[in-house]
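Trainee: structure, please.
(one chain, ligands or ions: 1)
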Amino acid sequence: MIRASLLLLAITCAGAVAAENPGQQAAEPVVFAALAPSVATLPELPQIPGVQTRETKVLFGSRKRRKGAVCGDIDIKGVEAGDIAGTLPGCGASDAVRVREISGVRLSQSALMTCGTAKALKKWIGREVETAFGRRNKVVSLRVAAHYACRTRNNRPGARISEHGRGKAIDISGFTLESGETITVLDGWKQRKTRRKLKKIWKAACGPFGTVLGPEADRYHRDHFHLDIARHRGGAYCR
Ligand SMILES: [Zn+2]
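Mentor: Numbering: from 1, shown residues only. Below is the predicted model of the structure:
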């Protein structure tokens with residue numbers, strides 16, 4: 001039914017627009033044409049009154065899951081923050097978001113970033129982070145050491161603007177597990193029990209993020225992972 005009426009709507013609208021603008025190619029029908037196939041590819045299901053159909057579920061998700069979602073992704077929860085103006089030349093971010101949770105994993109503080117950064121974070125969390133310390137003791141929260149900050153690299157005077165100043169970076173200093181325990185980068189990197197797991201997490205960030213710095217990179221990163229989405233010509237830079 002939906003398929004048929006949408007198709008009819010598309011045809012009717014295309015006809016109406018074409019009639020109004022006989023001399024020019026109308027752009028509007030394209031919108032309907034783009035909408036129609038996505039519905040049309042879904043299998044026909046019997047319509048039961050009062051029951052949410054697969055079509056409506058697929059297209060709109062459940063209301064509860066969508067609540068508080070940003071970046072057009074139901075797994076990224078937060079609030080839209082709009083454009084951030086920088087206090088130094090080269091700083092600032094457009095369409096920024098304040099993220100508090102990704103794929104059910106909370107951030108220890110709401111972190112300001114671009115959607116590109118939030119999506120990279122989601123990829124990383126889903127790839128290795130969540131189950132790094134065991135499927136029965138999942139990571140439930142990331143300790144955020146830094147997010148958006150208009151500053152130079154490593155806060156050195158005269159250095160280039162950090163990716164933190166563009167909303168494209170986040171620093172993670174620890175992982176809190178279901179059990180309540182927090183594995184910090186500073187201590188966990190030195191301990192035999194956690195070192196290998198933390199290294200695996202660090203490595204997994206390489207790809208979703210273009211720059212990944214950990215305790216072995218330099219003295220500035222002994223206690224956190226710096227992750228940013230800057231892309232480098234030679235591929236991801238991970239140290
Ligand atoms: Zn950083």
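Trainee: quick check: Gly158 touching Thr152?
Mentor: Yes. Using CB atoms under 8 Å, Gly158 is in contact with Thr152, at 7.1 Å. Bear in mind the C-beta positions are built from the backbone N, C-alpha and C, glycine included.
Trainee: so for these two, which residue has more residues nearby?
Mentor: Neighbours were counted for Gly158 and for Thr152 using other CB atoms under 10 Å; Thr152 has more, 17 against 5.
Trainee: ok, now how distant is the more buried one from the ion?
Mentor: As for Thr152, its distance to the ion is 12 Å (criterion: CB to the ion, to the nearest Å).
Trainee: and if you look at Lys122?
Mentor: Going from Lys122 to the ion by CB to the ion gives 18 Å.
Trainee: same question, Gly92
Mentor: 17 Å.
Trainee: what ranges does this protein have for its helices?
Mentor: 2-20, 28-40, 54-60, 63-66, 115-124, 185-188, 192-204 (DSSP state H).
Trainee: Gly68: how many residues sit nearby?
Mentor: 13.
Trainee: got the phi/psi numbers for it?
Mentor: Backbone torsions of Gly68, given as degrees, to the nearest 10, read phi 80, psi 10.
Trainee: per-residue pLDDT, it?
Mentor: On pLDDT, Gly68 comes in at 93.
Trainee: go ahead and confirm Leu227 touches Ala169.
Mentor: Yes. If you go by CB under 8 Å, Leu227 and Ala169 touch, sitting 6.5 Å apart.
Trainee: spit out the residues that contact the two alike.
Mentor: Common neighbours of Leu227 and Ala169, counting by CB atoms under 8 Å, 6 or more residues apart in numbering, are Thr211.
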